[in-house]
Each structure stands twice: as structure tokens, then as C-alpha cells.
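Student: Have a look at this fold, sequence not included:
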């Protein structure tokens, strides 16, 4: 990509994109120095579609804000961060961020960015390209280079952004100086806001290669500051001929990135489901070091790691101020993540398939994808036969879930129904009988409330 080719491409995008076309006209008509900056320029140079729009204004900022509020019929809102004021507007095609840089000017603002590939700009008024730090050359070389090491000292979370860029652009590598500047922030990063660390980890997990971004976090020595709960995984070996648990964890995440989809994963899987799957894979073996035991044959065992893992993952996500829904769903997936494999080793019974499909409910497709990624990333010397059994079981699970969804809905049978019709008092007997009703629902022997009540009337209670 030459400079001339990029300018031609940027001008073309300004003509084709209605929003950029509108902004270019405003800049020309109002004689305002308005620039398109950041990731949009980088993406254009790489021939990729752009997401949200980042803008920079160096003259007439107050007038421009008023024009945009009137044109887009929205007030927007402003916020100030590290001495920089940004206006944010929600528009039909996404979000527009407008940085006010009248005092700093264009070069002053581009210099405050941590990487050269994000420090390029295109003037919407003059239709000219600005690259004072050689970002285009670094793109050609697939190089991540910092403009100034102090950018990381100003904001230690930028070290995580560097790791994320390794996941977003997996063929790129940071320079030695850049890695050194990011790695020096491990102590300061430990004092950073948990919310900001969580958000960067979420973005990293949604990148093209989350395993690579996490590997860079480890290589830079940042793992103890970001995910201290996972540090023991590095020295915990899963078995003879298998990698350590940390390497296995990264490999399971790698499996979610392959072109061949995992069972339960559709091509249209949304970002929320992808994030849930990858968070659960990241944390699914968190308790293995704590549950490590040795079998009679000398091989390691991790009895109960899924139960303890649910609790430890919840504590980790709480520390990162994750949402209650994410903590709940990640916990369920970790608690259940061994069950598809146990069914596959069975062979699976119809009753077992129905029970797991019923319990997992809407999480079942993600659980199936989790189980497949876990098995494929196990590092087992000869996993082929077991993978075939497992994937056959996962297909049966998904088919079972479909059949359960087609059945008529059963109005709830309550504890009061049980006590009345079975002549039992409140206590363990009530719960046991309700579970019996549930089993018959899963087996298809009860399909409505009338049949459930009939079963209760004829049931003989245990002495």
C-alpha cells in the first residue's frame, strides 16, 4: 500500500460513505479543520471495513459541535480524560467520537497516541493524508511501534491494548522498545481500574486470535497484575505428553478461531455469545492446580475442579466487576463442562442427554462448543476416536434440545400439589417427588399438567 494508493482509497470512502460525505461537506462549507483519525485510517490502509468513526477538530470546535447537534438531532455528551475533551454522538451507523484539539493541534494530538499505526489522519476539508510518525510504513512491515515510551506510563492500561492488538492483528509484532515500555507497567497496571482491565480483556477475547493476545500478556509479565488467578496454571501439567494447563487454555481459545465451526456454533453467533464462550474457556480449568492429585498409576487427577472452578471463576469475575449475568453463565458452563465428555464415554443414555439438555437450556449450544474446544485443545496423544464419540454426543444433545423445545409446555407442578395429592408434609419428600415428575417430563412420559397431577394421585409415597 503506497501513500498515493491510500489517499485514493480514503477519498473514495469519503465519497461512498454518507456520514463521511456529510462531514466533509460541513468541513468545507464552514472552513473547519476536521480530520478522520485512528483506527478508521488503519483499517482503510489494510483494506478492511471501518467501525465507529473517530474525528479530530483543530479549528471551530464549538461551532462544529453545534452544527452536528442540529444536523443529527441529538445533543450527544462530552467527557474529559487525561486532559482531552471528547464529544460522543450516537448515529444510525454507530458512534462518532469528536476530539477537541484546538490547543494541541493535529501533530500534538497524534503524538499523544501510543502506536504509530493509530497516529495517521485524513483531512476531510483538504482531502490530504497526514502521517508524521511513519504509521503507514509500520503497517507495511506489520510492526507495532510506540511513538514514545511515556505513553504507557501515562496510562498503564495501554499495555493491555498492545496485547489486544496482537490478537486483532495476529501477524503483527511489537518492537523490542515497545514491548519493554509495556512490560514495565506491571506494577502500575495492578493499581488500574478493574472495570478498564475487564473491558480490555473483553475486547481481547473478541479479537481474531485471543490466544495470541493472552500469550503476549504472559510474555510481558503482566499476567500476575491482570489475572493472578491463572498464574498457577503455567506450572500445572495436565498429564504425560500433554501441555501445562495454561498452554491448554490458550489452545482451547485458539480452537474457537478456526474456520471449521465448533458444534453448537453458527456463523451468526453474536458477540455476547462469543464473549461468554471465551470467558468460560479462559477460566474453565482455574481450579486444576488447587485440586491436583496423583492416581495410583502416577498420572495427575483433578477431582472436583469443575465445582471449585465455578466458585473461583466467580471470585475472579467479581474482582473485575463483571456483570451478574456473565458470572452466572460462566459458572454454569464451568460446572457442566465435563458432562458432555462423561456422556460420550458412556455411551450416552437418552435420559442423560435429556437431563443435560434440559438443565443447560439456552446455554446448551455454547456448552457444546465449549466441550468440543476443550477436547480439541487437550493435547492428548491420540484424541481422534474420543473426539468422534464426543462430537456424536454433542450432535445428539443438540437434537435432544430441539425435541424438548417442540413439546407442549408443562404448567408448573408445585410443592402444594405434591403435599395435597400425595399426603406428605413439607420436606425432602416433596423435593424428591417433584424431581420424579421432572424426570418423566424429560422422558416424554408426562406432557401436560393433567398427566402430572394424575401421576401424583396414583403415586405411592416411600415409607
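Tutor: That came through, no problem. Everything quoted here is computed from the prediction, not taken from an experiment.

Student: Count the neighbours of residue 34 for me.
Tutor: Applying other CB atoms under 10 Å, we find 25 other residues in the vicinity of residue 34. (C-beta placed from N, C-alpha, C; glycine too.)

Student: Report the contact partners of the residue lying closest to residue 143 once chain neighbours are set aside.
Tutor: Excluding its sequence neighbours, the residue lying closest to residue 143 (CB to CB, 6 or more residues apart in numbering) is residue 175, at 6.2 Å. Contact partners of residue 175, counting by CB atoms under 8 Å, 6 or more residues apart in numbering, are 143-146.

Student: Tell me the spacing between residue 175 and residue 196.
Tutor: Distance, residue 175 to residue 196, by CB to CB, to the nearest Å: 25 Å.

Student: do residue 174 as well
Tutor: If you go by CB to CB, the gap between residue 174 and residue 196 works out to 20 Å.

Student: isn't residue 220 right up against residue 182?
Tutor: Yes. Between residue 220 and residue 182 there is a contact at 5.5 Å, judged by CB atoms under 8 Å.

Student: Looking at those two, which one has more neighbours?
Tutor: Between residue 220 and residue 182, counting by other CB under 10 Å, residue 182 is the more crowded of the two (29 against 24).

Student: list the residues that contact both of residue 220 and residue 182?
Tutor: Shared contacts of residue 220 and residue 182 (CB under 8 Å, 6+ apart): 159, 162-163.

Student: Check the contact between residue 23 and residue 124; I expect there is one.
Tutor: Yes. Residue 23 lies in contact with residue 124 (CB under 8 Å); the separation is 5.4 Å.

Student: Common neighbours of these two, please.
Tutor: When contacts are counted by CB under 8 Å, 6+ apart, the set common to residue 23 and residue 124 consists of 34, 36, 55.

Student: where do the strands sit along the stretch 201-350 of the chain?
Tutor: Listed in chain order, the strands of the stretch 201-350 of the chain (DSSP state E, counting those that start in this stretch) span residues 293-294, 300-301.

Student: Partner strands of the first one, with direction?
Tutor: Going back to what we said before, that points to strand 293-294. Each strand pairing with strand 293-294, determined using DSSP bridges, is listed with its direction: strand 300-301 (antiparallel).

Student: what's residue 129 sitting at in phi/psi?
Tutor: When quoted as degrees, to the nearest 10, the phi and psi of residue 129 stand at phi -100, psi 140.

Student: Now it: closest residue in space that isn't a chain neighbour?
Tutor: For residue 129, the nearest residue in space outside its immediate sequence neighbours is residue 7; the separation is 4.9 Å by CB to CB, 6+ apart.

Student: Quick check: the one you found vs residue 73, distance?
Tutor: As defined by CB to CB, residue 7 lies at a distance of 33 Å from residue 73.

Student: more crowded one of the two?
Tutor: Each of residue 7 and residue 73 had its neighbours counted (other CB under 10 Å), and the higher figure belongs to residue 7 (14 against 6).

Student: Sketch out the low-pLDDT regions of the stretch 201-350 of the chain for me.
Tutor: Within the stretch 201-350 of the chain, the stretches with pLDDT under 70 are 266-268.

Student: can you give me the helices for it?
Tutor: Counting by DSSP state H, counting those that start in this stretch, one finds helices in the stretch 201-350 of the chain at the ranges 210-219, 223-226, 245-255, 271-283, 288-291, 305-319, 324-336, 339-344, 350-360.

Student: Out of these, flag the one nearest residue 105.
Tutor: When the helices of the stretch 201-350 of the chain are ranked by distance to residue 105, counting by CB to CB, first place goes to helix 210-219 at 33.1 Å.

Student: how far out from the middle of the chain is the closest one?
Tutor: 14 Å (CA atoms, centre = their mean, to the nearest Å).

Student: Numbering from 457 from now on, please.
Tutor: Taking 457 as the first residue, the last one we looked at is helix 666-675.

Student: What helices and strands are in contact with it?
Tutor: Helix 666-675 sits against helix 614-624, helix 650-661, helix 701-711, with contacts defined as 3 or more CB pairs under 8 Å, 6 or more residues apart in numbering; DSSP states H and E.

Student: Out of the ones you listed, which is the most enclosed?
Tutor: Comparing the helices and strands packed on helix 666-675 by mean neighbour count (mean count of other CB atoms under 10 Å), helix 614-624 ranks first with a mean of 24.

Student: still on that earlier bit, for the strands of the stretch 657-806 of the chain, which one ends up most surrounded?
Tutor: Neighbour counts averaged per stretch over these are highest for strand 756-757, at a mean of 16; criterion: mean count of other CB under 10 Å.

Student: Check the burial of residue 760 by counting its neighbours.
Tutor: Residues near residue 760, counting by other CB under 10 Å: 12.

Student: residue contacts, the nearest residue to it once chain neighbours are set aside?
Tutor: Here the nearest residue to residue 760 in space, its sequence neighbours aside, is residue 747; by CB to CB, 6+ apart that works out to 5.5 Å. Applying CB under 8 Å, 6+ apart to residue 747 gives the contacts 758-761, 764.

Student: Mind giving me the ChimeraX command for buried ones among the residues you listed?
Tutor: What follows is the ChimeraX syntax selecting those of those that are buried according to 16 or more other CB atoms under 10 Å:
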select :758,761,764
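
Student: Now distance to residue 733 too, for the contacts of residue 747, in CSV please.
Tutor: Supplementary listing: the contacts of residue 747 in CSV, determined by distance: CB to CB, whole Å:
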residue, distance to residue 733
758, 21
759, 25
760, 23
761, 19
764, 21
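
Student: Nearest to residue 623 among the contacts of residue 747?
Tutor: residue 761 (26.7 Å).

Student: Just confirm that closest one contacts residue 739, I think it does.
Tutor: No. Checked against CB under 8 Å, the pair residue 761 and residue 739 is beyond contact range at 11.4 Å.

Student: for this protein, which residue is closest to the average position?
Tutor: Nearest residue to the geometric centre of the chain (CA atoms, centre = their mean): residue 731, 2.8 Å.

Student: If residue 544 is in a bridge, with which residues?
Tutor: Under the criterion used (DSSP bridges), residue 544 bridges to residue 533, residue 553.

Student: if I pick it, what's in contact with it?
Tutor: The neighbours of residue 544, taking CB under 8 Å, 6+ apart as the test, are 532-535, 551-554.

Student: And residue 739, by the same measure?
Tutor: Neighbours of residue 739 in contact, by CB under 8 Å, 6+ apart: 685-686, 765, 768-769, 772-773, 786, 790.

Student: which of these has the most neighbours?
Tutor: Each of the contacts of residue 739 was scored for neighbours by other CB under 10 Å, and residue 790 scores highest at 28 neighbours.

Student: just to revisit the earlier point, separation between the residue nearest to residue 585 and residue 582?
Tutor: With the distance defined as CB to CB, residue 463 ends up 11 Å from residue 582.

Student: what's the overlap in contacts for these two?
Tutor: Counting by CB under 8 Å, 6+ apart, nothing touches both residue 463 and residue 582.

Student: which helix in the chain runs the most residues?
Tutor: Ordering each helix of the chain by length in residues (DSSP state H) puts helix 840-862 first.
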